[in-house]
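1. sequence-free structure coming up:
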């Protein structure tokens, strides 16, 4: 009986985490560059039940039993979001469809080899540096110039250039007089001359190695060789005057939210049932 109580409790914890994940997606549905997060659940290992100790007979296999479920991890879905035309020259949106030779990625951004090996599609990211000096990656291109002429994100992180240094213009420079070329160079609109500043866009070979850090930024937790600047062979584009919308499917998120809530309530009723059964066992059967 207690095994069932623990199983229902584990189910409640799992559905609570699933509910929190979905609500976080919904709350960020309008956040530029936000990537949807899916909660992955997994069952505990099965237990094999045997009947033993019956008048010296050999143990007999009864069957297996599940011992509950738990929320194993949360995975970010790094699929391309729709673009929103803001009309602001300080906004930039990444559009990428990076390829790997010999692999055709499906709509979910993964390729499954004949031997079952799964490879995820590489993704392109803006490269920034937070106030602690650590390199981060983001798809939120809502940039602006601060008083010192540094190109920064909405939270003040420096946007890095091709030289791995913060992009900086002369104080008083306005992005209204600049545009970004296809090769990621900032061009003076009035003269048509390059300013000598080039934006750095990084290619992440395995986006699942990215750890969400908040404010739309990710930290790469993998080998250094899996990150490199994009080159002319990569299929990507940076569009000025646009931002990338979140890739949250709000309709599916509402369905998942109701499903998690109903599953939570079901497990809750099971715990109430076990509680009443234990109460009866202690207060009534114990008197006999």
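-> Great, that's in hand. Remember, predicted model here, so these are calculated numbers, not experimental data.
2. where does the protein have low pLDDT?
-> 1, 44-67, 285-288 (pLDDT under 70).
3. for it, longest helix please?
-> Counting residues, the longest helix in the chain under DSSP state H turns out to be helix 250-283.
4. For that helix, list every residue counted as buried.
-> Neighbour counts over helix 250-283 (16 or more other CB atoms under 10 Å) mark 253, 256-257, 260, 263-264, 267, 270-271, 274 as buried. Heads up, the C-betas are built off the backbone N, CA and C, glycines and all.
5. same question, stretch 201-218
-> Quick answer for stretch 201-218 (16+ other CB under 10 Å): 201-207, 209-210, 215-218.
6. Stretch 25-44 now?
-> Residues of stretch 25-44 classed as buried under the neighbour-count rule (16+ other CB under 10 Å) are 25, 28, 31-37, 39.
7. sorry, back to before: now the buried residues of helix 250-283 in a markdown table, with distance to residue 135?
-> Putting these into a markdown table (distance: CB to CB, whole Å) gives the following:
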| residue | distance to residue 135 |
| --- | --- |
| 253 | 31 |
| 256 | 33 |
| 257 | 35 |
| 260 | 35 |
| 263 | 40 |
| 264 | 39 |
| 267 | 43 |
| 270 | 48 |
| 271 | 47 |
| 274 | 51 |
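8. farthest-separated two in these?
-> The largest separation in those, counting by CB to CB, is between 253 and 274 at 31.9 Å.
9. Do a quick rundown of the strands in the stretch 151-288 of the chain.
-> For the stretch 151-288 of the chain, the strands defined by DSSP state E, counting those that start in this stretch cover 151-152, 158-159, 178-180, 185-188, 194-198, 201-204, 210-214, 217-220, 227-229, 236-240, 242-244.
10. Looking at these, which is nearest to residue 6?
-> When the strands of the stretch 151-288 of the chain are compared by CB to CB, strand 210-214 sits nearest residue 6, at 30.6 Å.
11. Which strands or helices does the closest one pack on?
-> For strand 210-214, the elements it packs on are strand 217-220, judged by 3 or more CB pairs under 8 Å, 6 or more residues apart in numbering; DSSP states H and E.
12. Off-centre distance for the strand it packs on?
-> Counting by CA atoms, centre = their mean, to the nearest Å, strand 217-220 is centred 10 Å from the centre of its parent chain.
13. host element of residue 72?
-> Residue 72 belongs to strand 69-76 when elements are defined using DSSP states H and E.
14. Would you mind getting the angle between that strand and strand 210-214?
-> Interaxial angle of strand 69-76 relative to strand 210-214 (axes from the mean of the first three to the mean of the last three CA atoms, to 10 degrees): 90 degrees.
15. Just checking: what are the partner strands of strand 69-76?
-> Sheet pairing of strand 69-76 (DSSP bridges) gives strand 37-43 (antiparallel).
16. which residues are in contact with the strand it pairs with?
-> Strand 37-43 has contacts (CB atoms under 8 Å, 6 or more residues apart in numbering) with 14, 17-18, 21-22, 24-25, 66-77, 212.
17. Narrow those residues to just the buried residues.
-> Counted by 16+ other CB under 10 Å, those give 14, 17-18, 21-22, 24-25, 68-69, 71, 76 as buried.
18. Run through the bridge partners of the residue nearest to residue 166 when sequence neighbours are not counted.
-> In this structure, residue 166 finds its nearest non-sequential neighbour in residue 158, 3.7 Å apart by CB to CB, 6 or more residues apart in numbering. Going by DSSP bridges, residue 158 is paired in beta bridges with residue 129, residue 152.
19. what's the answer for the one 10 residues further on, then?
-> When bridges are called by DSSP bridges, residue 168 pairs up with residue 150.
20. my guess is it meets residue 148, correct?
-> Yes. Judged on CB atoms under 8 Å, residue 168 makes contact with residue 148 at a distance of 7.1 Å.
21. Same drill for the two, tell me which one is more crowded.
-> residue 168 (18 against 10; other CB atoms under 10 Å).
22. contacting residues for that one?
-> Shown in contact with residue 168 (CB under 8 Å, 6+ apart): 148-151, 197.
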